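Asker: here is my input; please provide its structure:
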Amino acid sequence: MNNVRVRFAPSPTGPLHIGGVRTALYNYLFAKKHGGTFVLRIEDTDQTRYVANAEQYIVEAMEWCGIPFDEAPGKNEKFGPYRQSERKHLYKQYADALIASGDAYIAFDTADQLDFHRKDHEEKGKTFIYNWHNRAKLTNSISLSAEEVEKRIANGDAYVVRFKMYQPEIHSEDATIDAEDSIRKNVSFKRALLDDKVLFKSDGMPTYHLANIVDDHLMEISHVIRGEEWLPSLPLHIALYEALGWNAPQFAHLPLLLKPVGKGKLSKRDGDKLGFPVFPLAYTNENTGEVSRGYREDGYFNDAFVNMLALLGWNPGTEQELFSLEELANSFSLDRVSKAGAKFNPDKTKWFNQQYLQQKENSILATLYAPILKGKGIESTPDYIETVVGLIKERATFVTDFWNLSDFFFTAPMEYDAKASKKQWKADTGSLMTEVIEVLNAIGDFSSENVETILKEWITSKEIGFGKVMQPLRLSLVGALKGPHLFDIAAMIGKEASIQRIENAVDKL
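Answerer: Okay, here's the model as predicted:
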């Protein structure tokens, strides 16, 4: 596949939903698979919804995900600028060209006039559509004389440019717009049923439809991979390419991300209700001060997050679930993207993070754990922290789980699990533990293996059950019946601390 160029073109109207991140990811994977170019274009033509920090959020989110752009605002702007608000001088000439060719017209209908027509149609049980049926009866350059049109424009009357989706003089009654979608295969739309969309406004700003088409053409975009919510816009976009005499790119419309429970598109409300983020990074609304959770801040690894997203709507055709980014790019194909929506599963997302945590080097995890310990006033050596991590990480999903799984490696228990104490600490346990102290005191080599051998030999010689010693001993060292191999704990904290903790337990329990 030659000269593949794809783009991710978000609007900077707020935080980036994970559905948008997945769209960016699929574009990136497709570009890398075919040795192509991945472009970021900021579509900020709707200035009424513009949010100042949203563009920086988008860039930072992509950087965290590890899916960088080849071209973007301020980076390799081969077809720049890459913000639509900085390209608005380009669009009017194409709107004018469509008017000149007879494929578009100027309309002066006010909001009140259009509202009147809608209500009038509703009263008659009909739906008002601005199209070939009524365009000649409305206030536009079709029904008005050229002189009247010029006069209105000169007077500063507000207007829009509308596209003639269906023209009875050149289209047959059953004319269709047909397209080959890489995911949905053949799609067809009947022209006569479609409305005349607005392309351009008298304030000098294009609508999404015109700007999108012009930019994709001028930036030589070869494949448009976007969400299925844009599928209804496809006939207009193809018709615009035809009217402007341009070759259309190949289209692919991705399935929606669906709620974990119930029907419909995944929303922030679902995340708030069920306790999971729907944004890659935490986001603070500058207007309300509301803070939304992010996967980064919730402790997810970026590679686990990306792996999870890749499999929401695409499958490799194998049983493999864990992929590096390079493996994803090598395996990715639009042919294996589903048409059906992908149901989001928060538990599966945690599973991915757990799998990635297990694969991380202990030294890396120790580096991430050290600041948590420091925040609790605990100073320890990197080697000690690394050893602790190796003993407890298999039980963790997040690095933030480490403290609850390993606090006893750093501080002696101040209290003991009540239920475990009641069950395991009998009337004779105190005297038994005092004997254990004597055994431990006599041990020179306090390695895990040696302590285990000597203590088990002593238990056997006493002809008592192992549980009668092991469970109270764990309770003494840990404060609960949890943790890794008991003698690994003893060896890690050392003889002196082990004996001190047993003495404390005998005293308190």
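
Asker: let me see the contact set for residue 66.
Answerer: Counting by C-beta atoms under 8 Å, 6 or more residues apart in numbering, residue 66 makes contact with 302-303, 306, 325. C-beta here means a position set from N, CA and C on the backbone, and glycine is covered the same way.

Asker: go again with 10 Å.
Answerer: Contact criterion C-beta atoms under 10 Å, 6 or more residues apart in numbering gives 25, 28, 302-303, 305-306, 325 as the residues in contact with residue 66.

Asker: same question, residue 442
Answerer: Contacts of residue 442 by C-beta under 10 Å, 6+ apart are 454, 458.

Asker: what's the separation between it and residue 377?
Answerer: In this view, residue 442 and residue 377 are 34 Å apart by C-beta to C-beta, to the nearest Å.

Asker: tell me where the stretch 101-250 of the chain has helices.
Answerer: Per DSSP state H, counting those that start in this stretch, the stretch 101-250 of the chain carries helices over the ranges 111-123, 146-154, 208-218, 234-243.

Asker: among these, which is nearest residue 267?
Answerer: helix 208-218 (21.4 Å; C-beta to C-beta).

Asker: quickly list the domain ranges of this structure.
Answerer: Domain ranges of the chain: 5-72+212-257, 88-201, 268-352, 361-406, 418-508, per automatic domain parsing.

Asker: so which of those is the most packed in?
Answerer: Most buried of these, by mean neighbour count (mean count of other C-beta atoms under 10 Å): domain 5-72+212-257, with a mean of 20.

Asker: still on that earlier bit, let's have the domains of the chain in JSON lines, adding mean pLDDT and distance to residue 412.
Answerer: Shown next, in JSON lines, are the domains of the chain (pLDDT from 0 to 100; distance: least, C-beta to C-beta, whole Å):
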{"stretch": "domain 5-72+212-257", "mean pLDDT": "94", "distance to residue 412": "39"}
{"stretch": "domain 88-201", "mean pLDDT": "96", "distance to residue 412": "59"}
{"stretch": "domain 268-352", "mean pLDDT": "94", "distance to residue 412": "27"}
{"stretch": "domain 361-406", "mean pLDDT": "97", "distance to residue 412": "12"}
{"stretch": "domain 418-508", "mean pLDDT": "95", "distance to residue 412": "5"}
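
Asker: let's have these in a markdown table, adding distance to residue 80.
Answerer: Formatted as a markdown table, the domains of the chain follow (distance: least, C-beta to C-beta, whole Å):
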| stretch | distance to residue 80 |
| --- | --- |
| domain 5-72+212-257 | 8 |
| domain 88-201 | 11 |
| domain 268-352 | 26 |
| domain 361-406 | 38 |
| domain 418-508 | 56 |
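
Asker: now do the strands in this protein.
Answerer: In the chain, the strands defined using DSSP state E lie at 5-8, 37-40, 104-107, 160-163, 176-181, 185-190, 198-201, 223-227, 250-254, 257-258, 283-284, 291-292, 342-343.

Asker: the fourth one pairs with which strands, parallel or anti?
Answerer: Counting by DSSP bridges, the strands paired with strand 160-163 are strand 104-107 (antiparallel), strand 198-201 (antiparallel).

Asker: output these in CSV; the columns should cover distance to residue 406.
Answerer: Formatted as CSV, the strands paired with strand 160-163 follow (distance: least, C-beta to C-beta, whole Å):
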stretch, distance to residue 406
strand 104-107, 68
strand 198-201, 61
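
Asker: which of the ones you listed sits closest to residue 225?
Answerer: Residue 225 sits nearest to strand 198-201 of all the strands paired with strand 160-163, at 23.3 Å, using C-beta to C-beta.

Asker: which residues does that closest one contact?
Answerer: Strand 198-201 is contacted from outside by 45, 91-92, 94-96, 98-99, 103-104, 106-107, 130, 158-163, 206-211, 213-214, 236, 240, using C-beta under 10 Å, 6+ apart.
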